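A.B. asks: Test case, fold it:
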Amino acid sequence: MSNVFEVLSFPLPFPSLIQNISDAVPAFESKREAAKRELKRLREERISSCAAALQIFDEIQRDLIAIVSIVGHLESVCTTDSIRAANTKLQELSAEFFAWLHSDPELYQFFSGLSPEPDVQRTHRNLLFAFESSGAKLAPAQRERFIEIERELSELTNRLGEAVVDSTKAWSWHVESREQLPGLLDSDCEAAQEAARAAGKTGYLFTLHAPSYLAILQFHKDRAVREHFARAYSRIASEAPHDNSPRISRILQLRAEKASLLGYDNFVDLVTTDRMAKNAENIRAFFESMEADVLSSSLRDLDSLTHFAWKNGHPAGEPLKAWDMAFYLQRYEEQELGLDLEVIREYFPFEDSLERIFNFLSELFGVRFSTSKLPVWWDGVNSFRASGFGRDFGNLYTDYYARENKRAGAWMDMLLPSIRGRHPGIGFMAGNFSRPTADRPALLTHAEITTLFHEAGHLLHGLVCETDRALDGMTHVAWDFIEVPSQFLENWAWEPLVLKRITKHYKTGQPMPDELITKLVKSRYVMTGLFYARHLGNSALDLALHTTYREDRDGPPVAWARNFLKKYVPYILEDSSSLNAFTHIFSSPTGYAGGYYSYLWSESLEADMYTAFEGGRVLDNSLGEKYVREVLMPGNTVDASELFTNFMGRSPNPRALLKRTSSHCDG
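C.D. replies: This next block holds a predicted model:
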């Protein structure tokens, strides 16, 4: 029998891939040896055309990247012991191979000696930087140490991510009676009943996955129960056998050593050299430009919320704790704005909402989505085909219901990039929404709808971006621009015209009434100071950990991080170990490490870009299609700053973000 990973067929045969997961590692090893032979031939033949050499180099890596990507995806959405074993080994093998590949001095010299044609100058320059930032210019002993660091980072960050999944999965809270859930919405209780039945229990089962956890924090009237959940959540991956504390210490040490080997003062300077920010100092200045306004707004919001809580049952004179914040924010929206979350949910049945969001994307951006029947990895996963602009944009999958063998959060990725003349892209969106019950469909909060828009923005980018080489694709766009398309699309989740189009009451079929839409839109800028302070705090923490922090002077990173965040989040738990579950910056060798600032940086750009759609142009198809052509389609063939100016016709203006961060509404 042939190895299904050796010659991937399309559409991807997920059931067969899962059944034959043990073939993944041998397939990678076989492809790796073939790649080494091709690389040797590339060097020896001394191809004079830079474009041709880049094309060959790109193609040599594609099958290897595809195998690692597919198995990593399966680990995140339907992990089993065999999938995890394959993924762990592949992470080790791929880290070793790609560290060797990009640190190979002979390959670096070969590409350095080529004269790039005009249309590949940017690609050539980026590839040389990839070699240089991977140790290709180092002396042999230093290069060997660099490869060792890469190998250890891959293993540590992979284990860290697994520990977060396992720790989250290991914790649950079970009650038998509805009377033990005062204040909870019926829909959340029904979801908890379904979870209990799935686990072979009676009553109600809650976990630390987002829908379940937030239901308790926002609505449970018993402070002791909310505290129980808040403390458990803040201690994810912080106790044996899942404690990530030693891993984080080691990861930080290795990243600092890696940067030093390459001649950089710190890890942030290394990872931002080819990004818009360029260095840590520019990021620090960016933070300083907004910090005073953000902290002032946050303190004002906290004071307003505290006084509101004192009037509504919280002990007078007692400050709010971490487990009180979401509860009283929800009460504030209900009483001051007249927003009932249960009523709002009734207008967002998941399946209908997703279909209507896809219709909106077609109307505004000219990208159409049609259902398809492709093999999937789990029952309930849906598949679609995307097309537009006279092109087939490829396949996408949606996997949005929570389950135990799936990582937490919401995310998207491209399993395969779109390569011009070769194959269209394959992407997916995943999340952890509550499942449908016997009595009603899955009903989403508006926050979850906004998350759908966010991930759809990424997916739109990944699908329409078609380049000659994966090296120039969407995943290689400057990291501090990569969040622009996702955050940009979130704006439409707050537009009355769009809300009218995408809402549909699950019983009556009617759209959301104008009065309720007005209240919902108004809530966008209620207590935003608290949100931006937390966001700025996490961004500043990432920057500090990868620049100025030193464990020998500052102590263990988990405790140091907790004290650091008090400036931005004064109600943080006194024993919080949340750093241990900060997967954005610790679950991959680089990822968002040294780059968490990208969310705020990208928001500054997208807030400015969105002004082009204001003044009656919210559904302007010609402007939407211009955005697709000028911002999304080029990928990394165009510098990120040019993507912005090509669309806007001018340089960025930070005023739009500053307006958001200092917004305040008393209801």
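
A.B. asks: ok, now how distant is L270 from P496?
C.D. replies: 45 Å (C-beta to C-beta, to the nearest Å). Quick note: C-beta positions are derived from backbone N, CA and C, even for glycine.

A.B. asks: Who has more neighbours out of the two?
C.D. replies: Taking other C-beta atoms under 10 Å, L270 and P496 do not tie; L270 has more neighbours (24 against 14).

A.B. asks: Would you mind measuring the gap between the ends of stretch 366-378?
C.D. replies: 30 Å (C-alpha to C-alpha, to the nearest Å).

A.B. asks: Can you give me the buried ones in that stretch?
C.D. replies: G366, V367, R368, F369, L374, V376, W377, W378 (16 or more other C-beta atoms under 10 Å).

A.B. asks: Repeat that for stretch 181-191.
C.D. replies: Residues of stretch 181-191 classed as buried by neighbour count (16+ other C-beta under 10 Å): L181, G183, L184, L185, S187, D188, C189, E190, A191.

A.B. asks: Now intersect the residues you listed with the helices, please.
C.D. replies: The members of those that map onto helices under DSSP state H are S187, D188, C189, E190, A191.

A.B. asks: How about residues contacting stretch 246-255?
C.D. replies: 149, 152-153, 156-157, 159-160, 163, 267, 545-546, 549, 551, 556-558, 579-580, 586, 593-594 (C-beta atoms under 8 Å, 6 or more residues apart in numbering).

A.B. asks: Of the residues you listed, grab the buried ones for ChimeraX.
C.D. replies: The ChimeraX command for the buried members of the contacts of stretch 246-255 (criterion: 16+ other C-beta under 10 Å) is given here:
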select :149,153,156,157,160,163,267,545,546,549,557,558,579,580,586,593,594
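
A.B. asks: Which of the contacts of stretch 246-255 fall within helices?
C.D. replies: Those of the contacts of stretch 246-255 mapping onto helices are 149, 152-153, 156-157, 159-160, 163, 267, 545, 551, 557-558, 586, per DSSP H.

A.B. asks: Need these in JSON lines (columns: pLDDT and distance to R62).
C.D. replies: Below are the ones in helices among the contacts of stretch 246-255 laid out as JSON lines (pLDDT from 0 to 100; distance: C-beta to C-beta, whole Å):
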{"residue": "I149", "pLDDT": "95", "distance to R62": "26"}
{"residue": "E152", "pLDDT": "95", "distance to R62": "26"}
{"residue": "L153", "pLDDT": "95", "distance to R62": "24"}
{"residue": "L156", "pLDDT": "97", "distance to R62": "27"}
{"residue": "T157", "pLDDT": "96", "distance to R62": "23"}
{"residue": "R159", "pLDDT": "96", "distance to R62": "27"}
{"residue": "L160", "pLDDT": "97", "distance to R62": "28"}
{"residue": "A163", "pLDDT": "96", "distance to R62": "31"}
{"residue": "F267", "pLDDT": "98", "distance to R62": "29"}
{"residue": "L545", "pLDDT": "98", "distance to R62": "34"}
{"residue": "E551", "pLDDT": "98", "distance to R62": "40"}
{"residue": "P557", "pLDDT": "98", "distance to R62": "37"}
{"residue": "V558", "pLDDT": "98", "distance to R62": "39"}
{"residue": "F586", "pLDDT": "97", "distance to R62": "28"}
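
A.B. asks: which one among those residues gets closest to N87?
C.D. replies: Taking C-beta to C-beta as the measure, N87 lies nearest R159 of these, at 11.3 Å.

A.B. asks: quick one: contacts for the residue nearest to the spatial centre of the chain?
C.D. replies: Centroid check for the chain by C-alpha atoms, centre = their mean gives W411 as the closest residue, at 4.9 Å. Applying C-beta under 8 Å, 6+ apart, we find W411 in contact with S76, M429, A430, G431, E455.

A.B. asks: The closest residue to the first one other than its chain neighbours: how many residues sit nearby?
C.D. replies: It stands for S76. Excluding its sequence neighbours, the residue lying closest to S76 (C-beta to C-beta, 6 or more residues apart in numbering) is R407, at 4.7 Å. Applying other C-beta under 10 Å, we find 20 other residues in the vicinity of R407.

A.B. asks: Tell me which stretches of the stretch 201-350 of the chain form strands.
C.D. replies: 204-206 (DSSP state E, counting those that start in this stretch).

A.B. asks: cool, and the chain?
C.D. replies: Along the chain, counting by DSSP state E, strands occupy 173-175, 204-206, 368-372, 382-388, 391-401, 411-416, 418-419, 425-433, 466-467.

A.B. asks: Show me the contact partners of the third one.
C.D. replies: Strand 368-372 is touched from outside by F358, L361, S362, N382, S383, F384, R385, A386, S387, G388, N395, L396, with contacts defined as C-beta under 8 Å, 6+ apart.

A.B. asks: For those residues, which single residue is the most surrounded?
C.D. replies: When neighbours are counted by other C-beta under 10 Å, L396 leads these with 27 neighbours.

A.B. asks: now that one: how far from R62?
C.D. replies: Distance of L396 to R62, computed by C-beta to C-beta: 19 Å.

A.B. asks: do V367 as well
C.D. replies: Taken as C-beta to C-beta, the span from V367 to R62 is 25 Å.

A.B. asks: Quick one: low-confidence residue ranges for the protein.
C.D. replies: 1, 662-667 (pLDDT under 70).

A.B. asks: Swap in 80 and give it another go.
C.D. replies: Residues of the chain meeting the criterion pLDDT under 80: 1, 46, 661-667.

A.B. asks: so what's D392 up against?
C.D. replies: R385, A386, P424.

A.B. asks: Redo those residues as TSV? Include distance to H124.
C.D. replies: Listed next are the contacts of D392 as TSV, based on distance: C-beta to C-beta, whole Å:
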residue	distance to H124
R385	35
A386	31
P424	26
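
A.B. asks: from those residues, which single one is nearest Y332?
C.D. replies: Y332 lies nearest to A386 out of those, by C-beta to C-beta, at 39.9 Å.

A.B. asks: what's the closest one in contact with, if anything?
C.D. replies: By C-beta under 8 Å, 6+ apart, the neighbours of A386 are V367, R368, F369, D392, F393, G394, N395, L396, L463.

A.B. asks: Please name the bridge partners of it.
C.D. replies: F369, G394 (DSSP bridges).

A.B. asks: gap between it and F369?
C.D. replies: Using C-beta to C-beta, one gets 6 Å for the distance from A386 to F369.

A.B. asks: again, but for W171
C.D. replies: 37 Å.

A.B. asks: next one: S576
C.D. replies: Distance of S576 to F369, computed by C-beta to C-beta: 41 Å.

A.B. asks: for H454, same thing?
C.D. replies: Distance, H454 to F369, using C-beta to C-beta: 17 Å.

A.B. asks: One more: L160?
C.D. replies: Applying C-beta to C-beta, the value for L160 to F369 is 35 Å.

A.B. asks: wait, what's in contact with L93?
C.D. replies: L93 is in contact with V25, F28, E29, R32, counting by C-beta under 8 Å, 6+ apart.

A.B. asks: swap the cut-off to 6 Å and go again
C.D. replies: F28 (C-beta atoms under 6 Å, 6 or more residues apart in numbering).

A.B. asks: from now on call the first residue 285
C.D. replies: Shifting the count to begin at 285 puts that one at L377.

A.B. asks: State the distance from it to I351.
C.D. replies: 10 Å.

A.B. asks: For the two, list the residues in contact with both.
C.D. replies: F312.

A.B. asks: and the two most separated of the contacts of strand 652-656?
C.D. replies: Of all pairs drawn from the contacts of strand 652-656, the greatest distance, 19.4 Å, lies between N666 and G672 (C-beta to C-beta).

A.B. asks: Tell me who's in contact with Y685.
C.D. replies: Applying C-beta under 6 Å, 6+ apart, the residues contacting Y685 are G664, F717, R719.

A.B. asks: re earlier: nearest to P402, out of the ones in helices among the contacts of stretch 530-539: which one, please.
C.D. replies: Among the ones in helices among the contacts of stretch 530-539, and counting by C-beta to C-beta, the member closest to P402 is F551, at 34.1 Å.
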